[in-house]
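Chemist: generate coordinates for the sequence data below:
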Amino acid sequence: MKHNITQSLSWLHTWAGLIMGWALVAIFLTGTLAMFDKEINVWMQPEVPAQTVDREQAVTTAINHLRSNHADESAWQVALPSERSPRLAVSAGEQQGGGGGRGNAMTTLDPATGEVIKPRETAGGNFFFRFHYTLHFPRNIGVWVVGFMAMAMLAAIVSGIVIHKKFFKEFFTFRPNKGQRSWLDFHNASGVLLLPFHIMITYTGLVIFFLIYMPAPMDALFNGDRQAYQAAMRGEGGERPQQEAGRGGERGAPGGQADGERAAVRNEARPDAPRGELAQRGQERAPRGEGMDERGPRGERPQAPRVPLVDRTDEIDFMGLIARAEADMGELSGFNLKRSANGDAVFEARPVMGNIIELTKGRSMSLNALTGEVVRPVPESTGASWVQRVMAGLHFAQFGGYPMRWVYFICGLISTAMMAGGLILFTVKRRRRYAKESRGVRFGYEFIERVNIAIVAGLMIASVGLLWANRLLPVELAARPNAEVNVFFALWGLSFVHASLRPWMKAWREQLWIGGALMLALPLANLLGGVSLFGQGSSLYLELCTMLIGVLTLVAAWRTGQAGEYVSDARKQRAAKEELAC
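Modeler: Residues are numbered from 1 along each chain as shown. Have a look, this model is predicted:
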């Protein structure tokens, strides 16, 4: 019985690892790159000055610009430069991109001179982040697909632990230059080494979207009332009277309003919703007359005349307010200033993500801008909300600063290589066997070989190709972010075509050479794009890291060529022996 269970789990590990492994390689690689999504954004917008300035100077520059250009607007938003992004940006009034530093509605300023900067439009590192959890499908579909892949990953982890009885011995075993045995040793050793990381990153990825995967408890407790759910998650007491819940249940006919509310709740609960959806939710939550009213969005009926504002911003000690907020929240990513007609104002502060292990996205506190008194303190997460936010913080590496991000990045690269090694091991074990099979079986295994090449080597080419597209596409090109994404998928598709037309060993070698060369020559893309050869700050580190990975990829291409020559010589020797035997 034990033997049968081991065989069954081995079959599960092999075939689930193959079929799901293609998607998991893409998920893990793009997630690894998303560890530095903001740094990629900085590199892909070289127009933004990389030098850092004093925080007070940046705040003064932003406020002066808003006073000069948006004095009649009641709401100001400022996104401050941070360790990960040097961008200073401001906006006023309603935000089409989410406000508060989110979206294209923000105006980028030179923090030293106050000059308006127009950086190029780009898909940026946000593309890798979104691809990581949607695979570029429509959002809800992508979240479900990736969730299914995560469950398959957990199954592969458990089955891998069971079928490898010599668990700890395999951790210290690696026999290089042994063909199939070397691939198996690498797959086993890397899997054992990073087993805690694999379990953590997979499980926390599922927890982030637990309200999408398991909405029934929330629906039962709050009957689709998203305001009550949010209040409960903020610790503000979201319990609903039983009679109100009953009335809600009567109204909630299948397919009617209740279903729509449930969908809204599920969308509301997502901690990493895209910026456009955040903007839409901001409009949905806006008070009547501020973006939405009974008749629909603003613009469908004449608006009341604007009431003149009394400007008292010169009485506001912005640095004092920032210091007061940072005492409770840590470093700020930006702030909003909401002014009223009589001159009163509310200062809303937002922390940078990464001060604590708990995910702080969406958290803020409000102060009276004139007196500094706390209007709304920092909400404290309790119970399930705290657990979910800590799990999300673990997944996003929202703690520990750059050292922790580098740990996640290295672990992500090793994990990607581990899964890629498993895919390669599948075909290495069967190459001699399927050469003697029927044409249909042989075609199936050869197809798997070609897909492996496109998934492993082709995805590297597509990813670095996105960076090259950022530099080579015209800056003024319409829909430029979409063009960059199209280049990514075009290169990825071409890699499969190339793998289908070339002998498998040559396809591996050639695509690894191409990918390594593109990474090593990334500074050349800067020159061709009219940018200095090497960037500054985080952009320089990105280029150096990419070049280092390019060197390693070229070494892999060279080793693949050596292996190809060995395989060719072995085939010639076998053919010669067969001729002599005849």
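Chemist: surely Asp328 is in contact with Ser364?
Modeler: No. Judged on CB atoms under 8 Å, Asp328 makes no contact with Ser364 at a distance of 10.8 Å. In short, each C-beta sits where N, CA and C put it, glycine included.
Chemist: neighbour count: those two, which is higher?
Modeler: Higher neighbour count among Asp328 and Ser364: Ser364, with 19 against 13, using other CB atoms under 10 Å.
Chemist: can you pull the pLDDT of that one?
Modeler: As predicted, Ser364 sits at a pLDDT of 89.
Chemist: phi, psi of it?
Modeler: With angles defined as degrees, to the nearest 10, Ser364 sits at phi -160, psi 170.
Chemist: let me see the contact set for it.
Modeler: Glu348, Ala349, Arg350, Pro351, Arg376, Val378 (CB atoms under 8 Å, 6 or more residues apart in numbering).
Chemist: so the closest residue to the fourth one other than its chain neighbours versus Met153, what's the distance?
Modeler: Taking CB to CB, 6 or more residues apart in numbering, and ignoring the residues beside it in sequence, Pro351 has Met329 as its nearest neighbour in space, at 4.1 Å. Applying CB to CB, to the nearest Å, one obtains 35 Å for the distance of Met329 from Met153.
Chemist: ok, the two, which is more surrounded?
Modeler: The residue with more neighbours, out of Met329 and Met153 and counting by other CB under 10 Å, is Met153; that gives 27 against 20.
Chemist: show the contacting residues for that one.
Modeler: Counted by CB under 8 Å, 6+ apart, Met153 has contacts Met20, Leu24, His198, Thr202.
Chemist: then the third one would be within a helix, right?
Modeler: Yes. Counting by DSSP: H, G, I helix; E, B strand; the rest coil, His198 is part of a helix.
Chemist: burial count for the closest residue to it other than its chain neighbours?
Modeler: Nearest non-adjacent residue to His198, counting by CB to CB, 6+ apart: Ile157, 5.8 Å away. Using other CB under 10 Å, Ile157 has 17 other residues around it.
Chemist: secondary structure element for Ile157?
Modeler: Using DSSP states H and E, Ile157 maps to helix 139-163.
Chemist: which two in the contacts of Met153 are spaced the farthest apart?
Modeler: Using CB to CB, these span at most 13.6 Å, a distance reached by Met20 and His198.
Chemist: which one's more surrounded, the two?
Modeler: Ranked by neighbour count (other CB under 10 Å), Met20 and His198 place His198 first, with 23 against 20.
Chemist: tell me how far that one lies from Ile424.
Modeler: Taking CB to CB, one finds His198 at 19 Å from Ile424.
Chemist: now swap in Phe131 and tell me
Modeler: In terms of CB to CB, Phe131 sits 23 Å off from Ile424.
Chemist: so between these two, which is more surrounded?
Modeler: Using other CB under 10 Å as the criterion, Phe131 and Ile424 rank with Phe131 on top: 24 against 19.
Chemist: skipping adjacent residues, who's closest to that one in space?
Modeler: Thr30 (4.6 Å).
Chemist: ok, the residue nearest to Pro351 - contacts?
Modeler: Counting by CB under 8 Å, 6+ apart, Met329 has contacts Ala349, Pro351, Asn355, Thr360, Arg363, Met365, Val378.
Chemist: so what does the fifth one have for phi and psi?
Modeler: As for Arg363, its main-chain torsions (degrees, to the nearest 10) stand at phi -80, psi 140.
Chemist: do the first one as well
Modeler: When quoted as degrees, to the nearest 10, the phi and psi of Ala349 stand at phi -100, psi 140.
Chemist: report pLDDT for the residue minimising distance to the centre of the chain.
Modeler: Nearest to the mean C-alpha position of the chain, counting by CA atoms, centre = their mean, stands Phe129 at 2.0 Å. Listed pLDDT for Phe129 reads 96.
Chemist: and the one 10 residues further on, by the same measure?
Modeler: Confidence per residue is given as pLDDT, and for Arg139 that number is 92.
Chemist: use 336 as the first number for this chain going forward.
Modeler: Sure, I'll start counting at 336 from here, so that last one is Arg474.
Chemist: how close does it get to Thr457?
Modeler: For Arg474, the distance to Thr457 - CB to CB - is 20 Å.
Chemist: those two: which is more packed in?
Modeler: More crowded of Arg474 and Thr457, by other CB under 10 Å: Thr457, with 22 against 16.
Chemist: where does the protein have low pLDDT?
Modeler: Counting by pLDDT under 70, the chain has low-confidence residues at 336-338, 429-439, 500-515, 559, 561, 565-566, 568-642, 769-770, 898-917.
Chemist: thinking again about what came up before, buried residues in the helix holding Ile492, which are they?
Modeler: The neighbour-count check on helix 474-498 (16 or more other CB atoms under 10 Å) flags 474, 477-478, 480-482, 484-485, 487-488, 490-492, 494-498 as buried.
Chemist: residues near the nearest residue to Ile452 once chain neighbours are set aside, how many?
Modeler: Residue nearest to Ile452 in three dimensions, not counting chain neighbours: Thr443, with 4.5 Å by CB to CB, 6+ apart. With neighbours defined by other CB under 10 Å, the count for Thr443 comes to 19.
Chemist: do the same with Ile796
Modeler: Neighbour tally, Ile796, other CB under 10 Å: 25.
Chemist: and it, how far from Phe831?
Modeler: Going from Ile796 to Phe831 by CB to CB gives 11 Å.
Chemist: helices or strands up against the helix or strand harbouring Thr349?
Modeler: According to DSSP H and E, Thr349 maps onto helix 337-368. Applying 3 or more CB pairs under 8 Å, 6 or more residues apart in numbering; DSSP states H and E, we find helix 337-368 packed against helix 459-469, helix 474-498, helix 736-769, helix 774-788, helix 794-807.
Chemist: so which of those helices gets nearest Leu519?
Modeler: helix 736-769 (5.9 Å).
Chemist: what's the closest one packed up against?
Modeler: Using 3+ CB pairs under 8 Å, 6+ apart: helix 736-769 touches helix 337-368, helix 515-528, helix 530-543, helix 774-788.
Chemist: JSON lines for these, including distance to Ala891?
Modeler: JSON lines is the format used below for those (distance: least, CB to CB, whole Å):
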{"stretch": "helix 337-368", "distance to Ala891": "15"}
{"stretch": "helix 515-528", "distance to Ala891": "12"}
{"stretch": "helix 530-543", "distance to Ala891": "23"}
{"stretch": "helix 774-788", "distance to Ala891": "13"}
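Chemist: for those helices, which one sits closest to Met854?
Modeler: Nearest of those (CB to CB): helix 337-368, 12.4 Å.
Chemist: so which bits of that closest one are buried?
Modeler: In helix 337-368, counting by 16+ other CB under 10 Å, buried: 344, 347-349, 351-353, 355-368.
Chemist: now it and helix 530-543, what's the angle there?
Modeler: 70 degrees (axes from the mean of the first three to the mean of the last three CA atoms, to 10 degrees).
Chemist: how distant is helix 337-368 from the center of its chain?
Modeler: On the basis of CA atoms, centre = their mean, to the nearest Å, helix 337-368 sits 22 Å off its chain's mean C-alpha point.
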